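K.L.:
Pasted the sequence and its predicted model underneath.
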Amino acid sequence: MFKGNKISLVIPAFNEQECIGTLLPGIPGFVDEVIVVDNGSTDKTAEISKLNGASVIYEKRRGYGVSLKTGILTAQGDIIICLDADGSYPLTVIEDFLKLLTDNEYDFISGQRINLNINNAMPLINRIGNKIISCLINLFFGIHLKDSQSGMWALKREIFNKIAPASPGMGFSQEIKIRAWLNPDIACYETNIPYDRRLGGRSKFNRIQDSVTILYDVFYILKEHYGLLQYKKNNL
Ligand SMILES: Nc1nc2c(ncn2[C@@H]2O[C@H](COP(=O)(O)OP(=O)(O)OP(=O)(O)O)[C@@H](O)[C@H]2O)c(=O)[nH]1
Ligand SMILES: [Mg+2]
């Protein structure tokens, strides 16, 4: 519990046996519920997660986005925090996120990694790609995000239905931010976080395939966004 709020942590994990056993013991005691969403891992991700006290959910449909959505919908917390299973996001900033949500009355906090890229955890090519996509998103949607692709955020559970992200894959993390930032009823804030190399194992990010999907998702949301604006204009 944190200031009277039940706290859930949702972690998407696909073949992360090298990392998850090191990550989970470091989770702060005020986190009430840890949900690992496994997606048919062929290694010991699920066993190790259970041994370390996490609840494991199995999602049949493959994908980062589908898994996160299932995890968030299952979580019982008043506040839900999402981060990766590979240890690249710091558990130490969870408390800062919770303070921002509870003291400053924000509804959605996103971690931005651009200024604190430890050990060159985000390679130059990924940084350039992230910058280009983030600039496009800001230009298209009139919002201001420094790190549209960050995988660490926290939100009040009651606002998730207002965001309703649907991207099945890696585009989920940008979609949840775009829709939150676009919603005038949701108070959003981006805060600096350190980002380090994964603890072990292999990256699941396929630079070409996932970048194409991410761009496709941006245009899909854009089409819907402008369709809605047009509809509102015509029906005034
Ligand atoms: N359940 C589930 N989790 C996934 C899937 N793809 C990736 N993940 C998890 O999502 C998180 C992000 O994937 P990563 O492979 O770390 O991607 P990345 O952070 O862009 O790449 P690195 O910087 O190399 O770590 C990790 O916890 C993965 O295990 C998936 O299809 N299903
Ligand atoms: Mg990672």
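P.N.:
Noted; the coordinates are in hand. The shown structure was predicted, so the numbers you read here are calculated from the model rather than taken from an experiment. Ligands and ions are numbered 1, 2, ... in the order given.
K.L.:
With ligand 2 as the reference, measure out to the residue of the chain found nearest ligand 1.
P.N.:
For the chain, the residue closest to ligand 1 is Ser203, as judged by CB to the nearest ligand atom, at 2.8 Å. To be clear about C-beta, it is placed using only N, CA and C from the backbone, and glycine gets the same treatment. Separation of Ser203 from ligand 2 (CB to the ion, to the nearest Å): 6 Å.
K.L.:
Equivalent analysis for Leu51, please.
P.N.:
22 Å.
K.L.:
Lowest-scoring secondary structure element of the chain by mean pLDDT?
P.N.:
helix 207-234 (a mean of 88; mean pLDDT, DSSP states H and E).
K.L.:
For the protein, what lies in contact range of ligand 1?
P.N.:
12-14, 16, 37, 39, 62-64, 67, 84-86, 88, 151, 198, 203-205 (CB under 6 Å from any ligand atom).
K.L.:
try 8 Å this time
P.N.:
Counting by CB under 8 Å from any ligand atom, the positions of the chain adjacent to ligand 1 are 11-16, 19, 37-39, 41, 45, 59, 62-64, 66-68, 84-86, 88, 121-122, 126, 149, 151, 169-170, 197-198, 202-205, 210.
K.L.:
list the contacts for the nearest residue to Thr213 once chain neighbours are set aside?
P.N.:
Among residues not flanking Thr213 along the chain, Gly169 sits closest, at 5.0 Å (CB to CB, 6 or more residues apart in numbering). Gly169 sits next to 63-65, 210, 213, 217 when contact means CB atoms under 8 Å, 6 or more residues apart in numbering.
K.L.:
how about stretch 22-30: buried residues?
P.N.:
Neighbour-count burial for stretch 22-30 flags 23-24, 27 (criterion: 16 or more other CB atoms under 10 Å).
K.L.:
do you know how far Thr92 is from ligand 2?
P.N.:
Distance from Thr92 to ligand 2, by CB to the ion: 17 Å.
K.L.:
Show me the shaky parts of the protein.
P.N.:
Applying pLDDT under 70 to the chain flags residues 236.
K.L.:
And the most centrally placed residue in it, which helix or strand is it part of?
P.N.:
The centre of the chain sits closest to Gly151, judged by CA atoms, centre = their mean, with a distance of 3.7 Å. Using DSSP states H and E, Gly151 sits within no helix or strand.
K.L.:
Do you have the helices of this structure handy? List them.
P.N.:
For the chain, the helices defined by DSSP state H cover 20-23, 45-51, 64-74, 94-103, 124-141, 160-163, 172-182, 207-234.
K.L.:
counting contacts, what elements does the second one pack onto?
P.N.:
To tie it back to what came earlier, the one meant is helix 45-51. helix 20-23, strand 33-38, strand 55-58 (3 or more CB pairs under 8 Å, 6 or more residues apart in numbering; DSSP states H and E).
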